[in-house]
Structures are given as structure tokens and as C-alpha cells.
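Colleague: Below are the sequence and a predicted model; questions follow.
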Amino acid sequence: MPDGDRTTTLIHPFDAPPDLAPDALAALLGGKGAGLARMTALGLPVPPGFTIPTSVCNRVLDEGWFPELDDAIAAGLADLEARLDRRLGDPDRPLLVSVRSGAPVSMPGMMDTVLNAGMSDAVATALGQRADDPDFGADTHRRFRESYAAVVSDTIPDDPVDQIREAVK
């Protein structure tokens, strides 16, 4: 991909990052995103995921949210569902994701994280039943609600894609 096109890609899967030097990769994907890409490349056990480049985040800050980003996030989530054989909002095969902020230089303690996005009452109940421990499902749901409230500071949408979108915003 030509140099000028690297920052126009709206998402980068952990296992398909741009071929860049470590400093340039961190500038593009943030320290956490670059680290996840490097760990994946080394064959370490990293769940599949994707990173939204820092340039896209800056564009949202400058211009506001844009529909193509919704499309890219939806495509990234669909890829995760297919790869993991899990579905957002499906109590039988739930997909739960973490949404983390990042910066080109890691700043410990400064990252905002929403844990377990995709959570619902039905998913929490199913998790508790599957683990034969209702507290497990309830605690997972509690962590989601607390992290969402701390980061997003808004009412939690029922739709899991909306949860993720709002957490990214």
C-alpha cells in the first residue's frame, strides 16, 4: 500500500497490520494497538481484534463521527463473529469485546477501557448457567456496567453494536 494510504484505512486487524517500523506502527495504531499486532505476529495467544488508527480518531475529533467508520467497525465485528463462531447479543454463543483507548506512547493508568461490550441481561444469565455459577454472569455484567458508566457516561444501549460504537466514540 502506498505510504499516503496507510492512514486512510479505518481499521487494522491485529493479524494484518501495515508493514511499518515499530515507531511508525505505534504512531499509526497507538502503543497498545502496535503491541497487539507485534504479539500476534510473534504467534503469542492474542484473541483476534482490530485497531482504529490514531489518524481516524483525530479525524473524528476534528470533523465528527462519519458513516464509513460505522461500516468499518461493523465489518470488523462481523469478521470477529465469523472467526470466533460467536455472535454479539447471542446468549448461546456470546461475543464480548473490550474497547480500549490508546496513544502513540503508552501512558499506564491513562487508558479508558470498556470491558465486556455486547453484554445484556440474557447474556449474563447464560454465562452464569454455562459456568454453573450465577455470580460469574452477574459479575461480568457488573464490570461491563461500571466500565461503561466510567468511560461513556451515558445510558447503556440494548443493541450490542451501539454499545461498542458509543464506547469507541
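Modeller: Noted; the coordinates are in hand. As the structure is a computational prediction, the values presented were derived from the model and not from experiment.
Colleague: if I look at Pro94, how far off is Ala122?
Modeller: Separation of Pro94 from Ala122 (CB to CB, to the nearest Å) stands at 9 Å. C-beta here means a position set from N, CA and C on the backbone, and glycine is covered the same way.
Colleague: Looking at these two, which is more packed in?
Modeller: Pro94 (22 against 14; other CB atoms under 10 Å).
Colleague: OK, contacts around the nearest residue to the more buried one once chain neighbours are set aside?
Modeller: The spatial neighbour of Pro94 that comes closest, neighbours along the chain excluded (CB to CB, 6 or more residues apart in numbering), is Val123 at 4.6 Å. Residues near Val123 by CB atoms under 8 Å, 6 or more residues apart in numbering: 89-91, 94, 96, 137, 141.
Colleague: Please pull up the helix or strand immediately following the longest helix along the chain.
Modeller: Ranked by residue count and defined by DSSP state H, the top helix of the chain is helix 22-41. The helix or strand immediately downstream of helix 22-41 is strand 50-51, counting by DSSP states H and E.
Colleague: what are the pairing partners of that next one, and which direction each?
Modeller: strand 12-13 (antiparallel) (DSSP bridges).
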